[in-house]
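Q: Could you work out the structure for the sequence below:
(chains A and B)
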Amino acid sequence: MDSSPLYSGTDWDFSTLRRSYDAIERIAHEELGLETYPNRIEVITAEQMLDVYTAHGMPLTYRHWSYGKRFLQHESSYRRGYSSLAYEVVINSNPCISYLMEENSATMQALVIAHAAFGHNHFFRNNHLFKQWTEASAILDYLEFARSYIIGCEDRHGVAAVERILDAAHALSRQGVHRHGGARPLNLKTDQKRERERREYDERVFDDLWRTVPGTKAIVDADPLGERRRRLGLPEENLLYFIEKISPKLQSWEREIIRIVRLIAQYFYPQPQAKVMNEGCATWVHQRIMTRLHETGQIDDGAFLEVLHSTSNVIMQPGFDHPAGGPGFNPYALGYAMMSDIERICTQPTQEDRTWFPDIAGNGDPLGTLRYAWANYRDESFILQYLSPSVMRQFRMFRLLDDTAETTLLVDAIHDDPGYRAIRRSLARSYDPGESDADVQVVDVDLAGNRQLMLQHRTRPGRLLAQHDAQLTLRHIASLWGYEVKMQEVDADTDAVLATHVAGPPAS
Amino acid sequence: MDIIDRRPNPHGKNLENRQRVLVRARAAVARATRAAIDEGTLREVGRDQAVTIPADSLHEPSFHTIFSSGQRQVVLSGNREFSAGDRLSRPSSRGGGGDGGSGSGKGGGDGEDGFRFVLTRDEFLDLFFEDLELPDLVKNQIVATETTSPTRAGVSVDGSPSQIDMARSLRQSMARRIGLRRPTSPEVLLLQTEIAALEETGDAAQRLPILQAELALALRRLARVPWIDPMDLRYRRYTQTPKPSARAVMFCLMDVSGSMSEAMKDIAKRFFLLLHVFLERRYKRVELVFIRHTETAEEVDEQTFFTDPRTGGTVVSTALAELNRIQRARYPKDSWNIYAAQASDGDNSGSDTQKAVAMLENDILPVVQHFAYIEVAASLAQIRGESDLWRGYDPLAHRQPRLAMRRVSEAREIFPVFRELFGRATTAA
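A: Residues are numbered from 1 along each chain as shown, chains lettered A, B, ... in the order given. Now for the predicted structure:
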């Protein structure tokens, strides 16, 4: 085993990076058995890091004011010292791109390589959500296409026209995802071809004569309601998809822009669903690798202390009443605690673990168990499956029942035997995207009449859409649809209508 | 694995996006910059560029649910003393209602804080003075092309032969020769004569070869180390410094007699400062002259001008005479752009108004680019009708486009009035 230190002190250069990378790669692949995409490491400055933040960590995006807004926000809080920048950003692509900040010390660079280039990278490559919904090898090319396509549109149709479509599409991006069935792989060639064909078709069928035909008679749609809904594929929960395909008023380039926003939203869809696991995986991996480097004498004690300091900062979980805390869990803390706990259950189980996790307790294969979990779960199911009493005690979790009919909050479960399962169930549910995302669907289109688009939000009483936002978003839909849009908020259990919003297209 | 150093890549990737934010929020940002005036932070105008605009102008809406009634369960960490069945009162502060971070914990729902924006000085002033134009830009146009003149700026190791600094180059050469122990010609001559003498006499045979070797070494050194080398050369360096080309002077005239209240002075001050910032934007160098007057006029510094109270009657023509005197003495018409602004409550001693108007028309208006008269009035007093000075200036303003006059009674009217005075439409191109 190589036991000479990889570097000394805090300064790094490119050969230090490479030596660290090689040592880390050996541990990651040979000892931990991680499977990763090939890595690409890019060293950037703080200002460039702000740029990367702005674009949700995408290496390049089209131009839009919302990115400028995000940039200004990050910049202002960074300059005023309210927040420091992340040490790294990693992109789910093939090759997997990790950004390292130039200010990091040699130890931090090694830690970040272990964290991002191996921890996150392994997760991206193996987790079923990412495998199903994202196409890591195509994303970079697709972003490049999106950027140049939108620039082209701005040249042809003007910035304002493009911005109108982008604004509206961004507002709907949460409702622009195929939640079921995964993503069809992105394919740049076919995308470009389809776009070219759209344009050629337009050019071929263009006939100026049609403009002169006096008022065409509306075709009476005799279809019964059911037939029409079947043909339109209703109900449809992917609003952007529906608008892209069916909207009567859009130009083909406008449809293409909507498609771009939709596909990028689809690409980001898995990220929030596996945040705890992803960060937990990366933190556990970096901690394990750095410990191994220290054990084999490849980093010195000082460097290892820096690692411990940094990791313990990251996995800090302030309590609910702590000024820096608040509700919610630090995904790094929860994820890391659960990963370490699984390792413990596999190697040194207690009697309690044997009753709670009979299938993994004491199986002596923590790595295999973790790799299985990383591949096959998302946050919700992972917590439901693996959150152990010991972690609940460690975090001192308790559950509050908030009933607006009561004047007080009730502590209805704490970290004790009767409470473990209740807490675990509730915590898992809070990570279920079905709970937090509004279930908005297109239910009908009055094609024969005034072409009104009808949407439905299925919900429960007391959980209506934020009114002002709903109205603004609806106006965006109306501007894409071109006719009036009506939305009803419906109680999912009783079908009672709770609220109705209507928006007409902008008068122009 | 590849390592790529992206640090040299072009920076400012987000400039374009940032510009778009500005365009989008232009109206809101412009409102915010003007609000800065009303809030009385004028002294910092053009320097402190952080503005806060309401978030809704940059709001990105989306469908999201908020919890308003019913039941929900929230898991939290950090339990110290609770047991199942305990009841807690609802926290009132911090977002209220025990916002769970889980599920639909979207906090205040629609609410969003104001958006803080740091504008560069140029962006700020652009917005601030949008659509404004200086009247009578004749002189400004002449000097629009910036002239520069070369000034000495140290020495450099390269340059054109005409700029060789002889003394410095020779000093370098001497230092080098001493450093490299180049023999001087007297030393060589001494050796040669000594050798010649020894050769003639023929004695001290063992000393001769030593001297000869020494001479050979000295000659070799002489050949190797040049007397002057290109690396000794030093050149005088010049840089181009811009000449202050567009200069402007701004005369601030204010009535500080007893009838001017503090509030009125404050309004006047805002106007002066606005004008100052505006001129600074157009001219490289702007000088300020403060003239205050009661029955007599005197030039004072800014501090005294705005803060030192005076009492007495009002004779406007004294201030105009003082302006005239200073302008003749220090600011010749052909090399300065001259602006003047007068603030007064309109009172003047009865006999003086005619004199003041005549002085203004004959002596002052011909030399200034623009003369702005603002009459500040407590809002009640405005009902009283036209003041002495207003009645006197008014016909003149109709004859002379260079004289502009407006009435202001409240601080928030300052900016609109300023815009009116300098709005593009009024410019006679």
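
Q: Just give me the longest helix of the chain.
A: You didn't say which chain, so I picked chain A. Assignment by DSSP state H gives helix A:275-295 as the longest helix of chain A.

Q: let's do chain B instead
A: Longest helix of chain B, by residue count under DSSP H: helix B:262-282.

Q: what helices or strands is that one leaning on?
A: helix B:121-128, strand B:247-255, strand B:285-293, strand B:337-344, strand B:370-376, helix B:414-422 (3 or more CB pairs under 8 Å, 6 or more residues apart in numbering or on different chains; DSSP states H and E). For every residue, glycine as well, the C-beta is placed using N, CA and C.

Q: mind putting these in JSON lines, distance to A:Tyr99, mean neighbour count and mean pLDDT included?
A: Formatted as JSON lines, these follow (distance: least, CB to CB, whole Å; neighbours: other CB atoms under 10 Å in any protein chain shown; pLDDT from 0 to 100):
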{"stretch": "helix B:121-128", "distance to A:Tyr99": "29", "mean neighbour count": "18", "mean pLDDT": "67"}
{"stretch": "strand B:247-255", "distance to A:Tyr99": "49", "mean neighbour count": "23", "mean pLDDT": "84"}
{"stretch": "strand B:285-293", "distance to A:Tyr99": "46", "mean neighbour count": "19", "mean pLDDT": "83"}
{"stretch": "strand B:337-344", "distance to A:Tyr99": "52", "mean neighbour count": "25", "mean pLDDT": "85"}
{"stretch": "strand B:370-376", "distance to A:Tyr99": "55", "mean neighbour count": "25", "mean pLDDT": "84"}
{"stretch": "helix B:414-422", "distance to A:Tyr99": "45", "mean neighbour count": "19", "mean pLDDT": "73"}
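
Q: need the ones you listed in CSV with distance to B:Leu222, can you?
A: Below are the helices and strands packed on helix B:262-282 laid out as CSV (distance: least, CB to CB, whole Å):
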stretch, distance to B:Leu222
helix B:121-128, 63
strand B:247-255, 60
strand B:285-293, 59
strand B:337-344, 66
strand B:370-376, 75
helix B:414-422, 76
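
Q: what residues go with each domain of chain B?
A: As given by automatic domain parsing, the domain ranges for chain B are B:14-59+B:111-128, B:161-237, B:247-426.

Q: Going by mean pLDDT, which of the ones you listed comes out lowest?
A: With a mean of 67, domain B:14-59+B:111-128 has the lowest mean pLDDT of these.

Q: on that earlier part again, buried ones in the longest helix of chain B?
A: For helix B:262-282, burial by neighbour count (16 or more other CB atoms under 10 Å in any protein chain shown) applies to B:264-282.

Q: Rebuild the helices and strands packed on helix B:262-282 as CSV, extending it with distance to chain A.
A: Putting the helices and strands packed on helix B:262-282 into CSV (distance: least, CB to the nearest CB, whole Å) gives the following:
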stretch, distance to chain A
helix B:121-128, 12
strand B:247-255, 34
strand B:285-293, 30
strand B:337-344, 36
strand B:370-376, 37
helix B:414-422, 25
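
Q: so which of those comes closest to B:Ala205?
A: strand B:285-293 (83.6 Å; CB to CB).

Q: Can you list the neighbours in contact with that closest one?
A: Residues from elsewhere that reach strand B:285-293 (CB atoms under 8 Å, 6 or more residues apart in numbering or on different chains): B:244, B:246-257, B:276, B:279-280, B:297-302, B:304-305, B:310, B:314-316, B:318-319, B:322-323, B:326, B:331.
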